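>>> Could you look at this predicted model? Sequence included:
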Amino acid sequence: MSINTTDLSRPGQAHVDSYWAVTAGEDVAGCDKVQGDIDTDVAIIGAGYTGLSAAYHLARDFGINAHVLEANRVGWGCSGRNGGFCSVGMGKEGVDAWMRRWGRERAIDSYDLTRQAVRLVADILEREKIDAQRTAEGGLELAHKPNRVDGIRAHAERMQRDFGIESQFLDKAALARNFLDSREAYGAVLHHEGFALHAMRYVRGLARAAQKHGAILHNNSPVIGWERKSGQHHLRTPGGIVRARQVLIATNGYTNDTLNPWTSGRLLPVLSNIIVTRPLTQAERDSVSWQTYFKIWDTRRLLFYYRLLPDNRILFGARGGVEDSPAEHSYRKAWLERRLREMFPPLDKVETEYFWYGWVCLSYDKNPHIGTTDDRSVHYVLGCIGQGVALYSLAGRLTAQRIAGDSKVDYGALLSTPLPKFPFPALRRIYQRAAYAYYAYEDEKR
């Protein structure tokens, strides 16, 4: 199948029929498509968390009014499709690998960056009065097999010792007594940082805040051609050409391989799928002892993530699937419904009311990356594998600082690593199938 996930021949597509889109209220006004030619200092490709955060901070902090080019609508990609987890952490390696690679001090600096990211989102919500249905601070990491209990307990102890991160280990009985009772939860670590929110309300609120401070947003304006002439980037859209001195690529899992020669072969879009049930009755909640609105995830490599929404629906998501086809999506919906019933048998009669999917993004080293290309005029924030609510909001601010002339801004050891190219890029989907098969085997080992 094609590695591209955005059909540039059909701009202006409606949002997927997600719970977020249906319950987010009015769409963002004043996002006219590009009409005629435009000259600007900064053009941003993609109106998700990264692009909008960059536009917001450029306008608010530096008086630079960027033009944001969105192929469809604000929040159309994964910024409007994710589970709404605003969490610390980044990448798939984990802090133990960071410490081995860079040492304790640089690993701590990188982790602290992700804590800053969570605080930034909280600050934006408060400062701009965005009603994103933010939950209380906290999250639960569940051991999905008995043989994972010792590992999460030891990891929590290391995080306390090396990073000063407070957390609490819960055995199976304490978890069921105080939070929820799942057939696939044998213990948990209660993390005290991070929160959940309404994904679409946040992205739309961020867009309106960017507009208020002077950013210009353009829906229905995919970049269908890109040339460099006389020191400027000429970005061709169906309605006109945008000429900019600096460009930020902020399209993540929706980055077409043909967007720019530099992006080709460096990214692997990966499907994430979500169902949302009808609201639970109190009796149904009691049947599984579901007492928390915390965000929840498990210890699988191909993890499940879920939460109780403010109206008592279950949002239940997982990685999986490599094909963007009706048959694949139908299978994934049925699979998620079956896995929810297996984890919570008393809820086997609870119907699904929403299903959707989106493309997150995997780099070759499975880490996110912020940087610039060789001539320093093209910036990128790419490779976020499902942690973008917080991290890519911060990445937008960091990139805005770099664009505005702060050459000393520190992306941290992990984020500033150059974005590598996949070996034999044409085989990326084959790599993914093999990796998924291996991860599924590892996840279910006893």
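Thanks, I have the structure now.

>>> helix, strand or coil for Asn65?
At Asn65 the chain is in coil, as set by DSSP: H, G, I helix; E, B strand; the rest coil.

>>> distance of Ile370 from Leu52?
Distance, Ile370 to Leu52, by C-beta to C-beta, to the nearest Å: 16 Å. All C-beta spots, glycine's among them, are computed from the backbone N, C-alpha and C.

>>> What residue, apart from its backbone neighbours, is nearest Ala55 spatially?
In space, Ala55 comes closest to Ala215 once its chain neighbours are excluded; the distance is 3.8 Å by C-beta to C-beta, 6 or more residues apart in numbering.

>>> so what's the one you found up against?
Contact partners of Ala215, counting by C-beta atoms under 8 Å, 6 or more residues apart in numbering, are Leu52, Ala55, Tyr56, Leu58, Ala59, Asn65, Ala66, His67, Val68.

>>> residues contacting the closest residue to Gly265 other than its chain neighbours?
Sequence neighbours aside, Pro425 is the residue nearest to Gly265 in space, at 3.3 Å (criterion: C-beta to C-beta, 6+ apart). Contacts of Pro425 were listed using C-beta under 8 Å, 6+ apart, and they are Ile3, Ser264, Gly265, Arg266.

>>> closest to Ser287 among the residues you listed?
Lowest distance from Ser287 to the contacts of Pro425 (C-beta to C-beta) belongs to Ile3, with 43.7 Å.

>>> How about the secondary structure of the closest one?
coil.

>>> mind showing which ranges of the stretch 1-150 of the chain have poor pLDDT?
1-2, 7-9, 90-94 (pLDDT under 70).

>>> before we move on, the earlier item: list only buried entries from the contacts of Pro425.
Ile3, Gly265, Arg266 (16 or more other C-beta atoms under 10 Å).

>>> Correct me if wrong: the first one contacts Asp257.
Going back to what we said before, that points to Ile3. Yes. Counting by C-beta atoms under 8 Å, Ile3 does reach Asp257; the two are 5.3 Å apart.

>>> returning to what we had before: for Gln232, state which of the contacts of Pro425 is nearest.
Ser264 (21.9 Å).

>>> three-state assignment of that closest one?
Applying three-state DSSP: Ser264 is coil.

>>> That one contacts Trp226, correct?
No. In this structure Ser264 lies outside contact range of Trp226 using C-beta under 8 Å: 12.0 Å.

>>> hey, what's in contact with both of Ile3 and Asp257?
Leu267.

>>> Now do the same for the residue most central in space within the chain: its pLDDT.
Against the mean C-alpha coordinate of the chain, by C-alpha atoms, centre = their mean, the closest residue is Gly388 at 3.1 Å. Gly388 is assigned a predicted lDDT (pLDDT) of 85.

>>> For the residue nearest to it when sequence neighbours are not counted, give me its contacts.
In space, and not counting its chain neighbours, Gly388 is closest to Tyr49: 5.6 Å by C-beta to C-beta, 6+ apart. Residues counted as contacts of Tyr49 (C-beta under 8 Å, 6+ apart) are Ser79, Tyr202, Val203, Leu206, Gly388, Val389, Tyr392, Ser393, Gly396.

>>> cool, Ala156 as well?
Ser167, Gln168, Phe169, Val189.

>>> What subset of those residues is buried?
Ser167, Phe169, Val189.

>>> Which member of these is positioned nearest Asp298?
Relative to Asp298, and with distances defined as C-beta to C-beta, the nearest of the buried ones among the contacts of Ala156 is Val189, at 11.3 Å.

>>> I'd say the closest one and His155 touch.
Yes. With contact defined as C-beta under 8 Å, Val189 reaches His155; the gap is 7.4 Å.

>>> Overlap in contacts, the two.
Joint contacts of Val189 and His155 (C-beta under 8 Å, 6+ apart) do not exist.

>>> follow-up on the earlier one: next one, pLDDT for the residue nearest to Gly265 please.
For Pro425, the model assigns a pLDDT of 90.

>>> who touches the closest residue to Ala209 other than its chain neighbours in this structure?
Leaving aside its sequence neighbours, Ala209 sits nearest to Glu128 (C-beta to C-beta, 6+ apart; 4.2 Å). Glu128 makes contact with Gly205, Leu206, Arg208, Ala209, Lys212, according to C-beta under 8 Å, 6+ apart.

>>> ok, of the contacts of Ala215, which one's closest to Tyr438?
Within the contacts of Ala215, the smallest distance to Tyr438 is 36.2 Å, found for Leu52 (C-beta to C-beta).

>>> Contact partners for that closest one?
Val68, Val74, Ser79, Val203, Leu206, Ala207, Ala210, Ala215, Gly396.

>>> What separation do you get for it and Leu206?
5 Å.

>>> same question, Leu303
26 Å.

>>> cool, and Asp348?
38 Å.

>>> neighbour-wise, which of those two wins?
Taking other C-beta atoms under 10 Å, Asp348 and Leu206 do not tie; Leu206 has more neighbours (30 against 11).

>>> who touches that one in this structure?
Tyr49, Leu52, Ser53, Tyr56, Ile124, Glu128, Ile130, Ser393.

>>> mind checking the SS state of the fifth one?
In terms of secondary structure, Ile124 is helix; the call rests on three-state DSSP.
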